[in-house]
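In: need a structure here:
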Amino acid sequence: MVVDDVRNQVGSALEVLATGLAPFVQRRMSAARGSQWFDSFAEERYSSERSLKDPRFLLKVMTAEWGVFSPPMSRMERSLVFELKETGNRWAHYEAFTVDGVDRALDSIERLLVAVGATDEAATVRQRKEGLRSRPEPHRADPLVPEPDNRRVQEGPENWRLILAATRALTAAGQTPFTRKGVYEWIWERHPSSEHGRGSLDPTLQGMIRNAPTGAPSSRGGRPLLRVGRGLYILDDSVSGSELLTGIVDDPARADAHAESLVITEVGRDADSRRRAVGSAWPGQPIAAAELAIAGFKPLELLVRSLDVDLPGGQGCEWTTTTEVPEGPGLYAFTVEDDHEMRVTYVGRTEHLWMVTKGLLPGGRGRVAQRYGRPRHAGATRQRINILIAEQLRERRLVRQWVRPCPVGQLRAEEERLITEWDLRGVGWNRG
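Out: Numbers count the residues shown, from 1 in each chain. Here you go, the predicted model:
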């Protein structure tokens, strides 16, 4: 694949992103800042790139005014916005992309478009992503432009030490999970970026991630970092800082062996709540967010408040649904996802979508026990599903509830069709 083709793939997808993102940004900003928000915002902050057709401008608006967009957008979707802002900057400055990098960019663009309800644009990007993936495999690992020593970690003698110091400081300050940007900014506040630029920090940090998806070469600092979400990391402090800083664990083979013996899961809201456990089963049927959106489902934001709810069948969780929910009858689904894949795990039906998400009707009537996120007085099925969701949350997987309006007369048949199509009695959580 030639360089021009790469730029076309990324640039074209960014144009589609702008088309789908602009109405959402315009709607939210006008409601929060008034109809003249565009002129005042652009004049105050930017002398150029002042177009609603420019994806970089739209992403800058979202990062600068995140409070306007959250809710309904989640922390995971905030990570997508920041990631794509960086992608847009790389594209604008003619930086190199690999085929895998293009694939990730298109995947992130699709996810963000689904999140803002731009399903047509999401489907367009998904088709292009699938076309890219259908190309001959040998080309996928090749650099798209020459990059010297692309397959070898290039690092200064102190990069791994700086990254370790930064991640330990961020963890001690309670800023965990952290992002690459957060780590680098901590370093650049203390050391010249000209000596420790992103070009050398990136491969070093990648080599320090135990579960890096692309098999990065090990860093001299071992692999004390664990990726727990898209662009989110935690420090595995079972490898002591004194060992790393004195070079005892600077042997990649020893670091790999140590890392492979651990499965780290962060539970609760502070460092004292971490435990070590074998990961729970990975349930459900693989599915793309765009497929759910095209089928009429809308994702809801779940604000998890506790993972320590004692229930007769096990340890459950508690959450609040903060996103706007349609009124009336409909179907609902739960999905579980990590950095690589989303799976649909359960489908149900209800005559009142507000009941299963909010625990009440728009007029205020209802019972909290009807809602999945408050399970103490719920029925056996909802408690069972709540416990299964809690297991996935403890594995640092993202759980979403999706809702889809549906006429009452079609509920049972449509529920059964989806359960059967996705084999949720076999691989998911549905029974009976």
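In: okay, now residue 26: neighbour count?
Out: Residue 26 has 16 neighbouring residues, counting by other CB atoms under 10 Å. (C-beta placed from N, C-alpha, C; glycine too.)
In: any idea whether it is helix, strand or coil?
Out: When classified by DSSP: H, G, I helix; E, B strand; the rest coil, residue 26 comes out as helix.
In: any weak-confidence spans in the stretch 101-250 of the chain?
Out: In the prediction, the stretch 101-250 of the chain carries residues with pLDDT under 70 at positions 135-158, 172, 174, 212-221, 228-230, 236-250.
In: where's the closest residue to residue 82 other than its chain neighbours relative to residue 103, distance?
Out: Ranked by CB to CB, 6 or more residues apart in numbering and with sequence neighbours excluded, the top spatial neighbour of residue 82 is residue 63, at 6.2 Å. Noted for residue 63: a distance of 24 Å to residue 103, by CB to CB, to the nearest Å.
In: equivalent analysis for residue 26, please.
Out: Distance from residue 26 to residue 103, by CB to CB: 30 Å.
In: can you tell me the SS state at the residue nearest to residue 82?
Out: What three-state DSSP gives for residue 63 is helix.
In: the one 10 residues further on too?
Out: Using three-state DSSP, the three-state assignment for residue 73 comes out as coil.
In: contacting residues for the nearest residue to it once chain neighbours are set aside?
Out: Of all residues not flanking residue 73 in the chain, residue 115 sits nearest, at 6.2 Å (CB to CB, 6+ apart). Listed by CB atoms under 8 Å, 6 or more residues apart in numbering, the contact set of residue 115 reads 73, 74, 77, 80, 289, 299.
In: how close does the closest residue to residue 18 other than its chain neighbours sit to residue 109?
Out: Nearest non-adjacent residue to residue 18, counting by CB to CB, 6+ apart: residue 55, 4.0 Å away. Using CB to CB, residue 55 is found at 9 Å from residue 109.
In: what is the burial count for residue 410?
Out: Residues contacting residue 410 under the criterion other CB under 10 Å number 13.
In: doesn't it lie inside a helix?
Out: Yes - under three-state DSSP, residue 410 sits within a helix.
In: quick one on the thing from earlier: shared neighbours, residue 55 and residue 109?
Out: By CB under 8 Å, 6+ apart, the residues touching both residue 55 and residue 109 are 14, 17, 84.
In: lowest-confidence entry in these?
Out: Ranked by pLDDT, the shared contacts of residue 55 and residue 109 bottom out at residue 84, which has 85.
In: show me the contacts for that residue.
Out: For residue 84, the contacting residues are 14, 17, 55, 59, 105, 108, 109, 112, by CB under 8 Å, 6+ apart.
In: try it again with 6 Å
Out: By CB atoms under 6 Å, 6 or more residues apart in numbering, the contact set of residue 84 is 59, 108.
In: list the buried residues for whichever strand or helix holds it?
Out: Here residue 84, judged by DSSP states H and E, is contained in helix 75-92. Buried residues in helix 75-92, counted by 16 or more other CB atoms under 10 Å: 76-88, 91.
In: can I get those residues in JSON lines including distance to residue 329?
Out: Shown next, in JSON lines, are those (distance: CB to CB, whole Å):
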{"residue": "76", "distance to residue 329": "29"}
{"residue": "77", "distance to residue 329": "28"}
{"residue": "78", "distance to residue 329": "32"}
{"residue": "79", "distance to residue 329": "34"}
{"residue": "80", "distance to residue 329": "32"}
{"residue": "81", "distance to residue 329": "34"}
{"residue": "82", "distance to residue 329": "38"}
{"residue": "83", "distance to residue 329": "37"}
{"residue": "84", "distance to residue 329": "36"}
{"residue": "85", "distance to residue 329": "40"}
{"residue": "86", "distance to residue 329": "42"}
{"residue": "87", "distance to residue 329": "40"}
{"residue": "88", "distance to residue 329": "41"}
{"residue": "91", "distance to residue 329": "44"}
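In: what is the nearest of those to residue 224?
Out: residue 79 (21.4 Å; CB to CB).
In: next one: residue 124 from residue 293, what distance?
Out: According to CB to CB, residue 124 and residue 293 sit 13 Å apart.
In: and the two? Which one has more around it.
Out: Per other CB under 10 Å, whichever of residue 124 and residue 293 has more neighbours is residue 293, with 23 against 20.
In: in the helix or strand where the more buried one lies, what counts as buried?
Out: Using DSSP H and E, residue 293 maps to helix 289-294. Using 16+ other CB under 10 Å as the test for burial, helix 289-294 gives 289, 290, 291, 292, 293.
In: now tell me what touches that helix from outside.
Out: When contacts are defined by CB under 6 Å, 6+ apart, helix 289-294 is touched by residues 110, 111, 114, 119, 122, 123, 126, 402.
In: distance between it and the chain's centre?
Out: Counting by CA atoms, centre = their mean, to the nearest Å, helix 289-294 is centred 16 Å from the centre of its parent chain.
In: can you dump the C-alpha coordinates of it into CSV?
Out: C-alpha atoms of helix 289-294 as CSV (Å, rounded to 0.1, in the frame of the first residue of the first chain):
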residue,chain,number,x,y,z
ALA,A,289,-21.4,-1.4,17.8
ALA,A,290,-22.5,-0.3,14.3
GLU,A,291,-24.6,-3.5,13.9
LEU,A,292,-26.5,-2.7,17.1
ALA,A,293,-27.0,0.9,16.1
ILE,A,294,-28.2,-0.1,12.6
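In: quick check: mean pLDDT of it?
Out: pLDDT averaged over helix 289-294 gives 79.
In: mind jotting down where the strands sit in the stretch 151-300 of the chain?
Out: 225-229, 232-235, 264-265, 275-276, 285-286, 298-300 (DSSP state E, counting those that start in this stretch).
In: all helices of the stretch 301-432 of the chain, in order?
Out: 353-358, 380-394, 411-421 (DSSP state H, counting those that start in this stretch).
In: so which of these comes closest to residue 173?
Out: helix 380-394 (23.6 Å).
In: tell me the buried residues in that closest one?
Out: Neighbour-count burial for helix 380-394 [16+ other CB under 10 Å]: 382-394.
In: tell me which of those residues is nearest to residue 303?
Out: Looking across the buried residues of helix 380-394 and measuring by CB to CB, the closest to residue 303 is residue 393, at 12.0 Å.
In: thought the residue nearest to residue 18 was touching residue 15?
Out: No - counting by CB atoms under 6 Å, residue 55 does not reach residue 15; the two are 7.1 Å apart.
In: give me the more crowded residue out of those two.
Out: The neighbour comparison of residue 55 against residue 15 (other CB under 10 Å) goes to residue 55, with 28 against 13.
In: let me see the contact set for the more buried one.
Out: Residue 55 touches 14, 17, 18, 88, counting by CB under 6 Å, 6+ apart.
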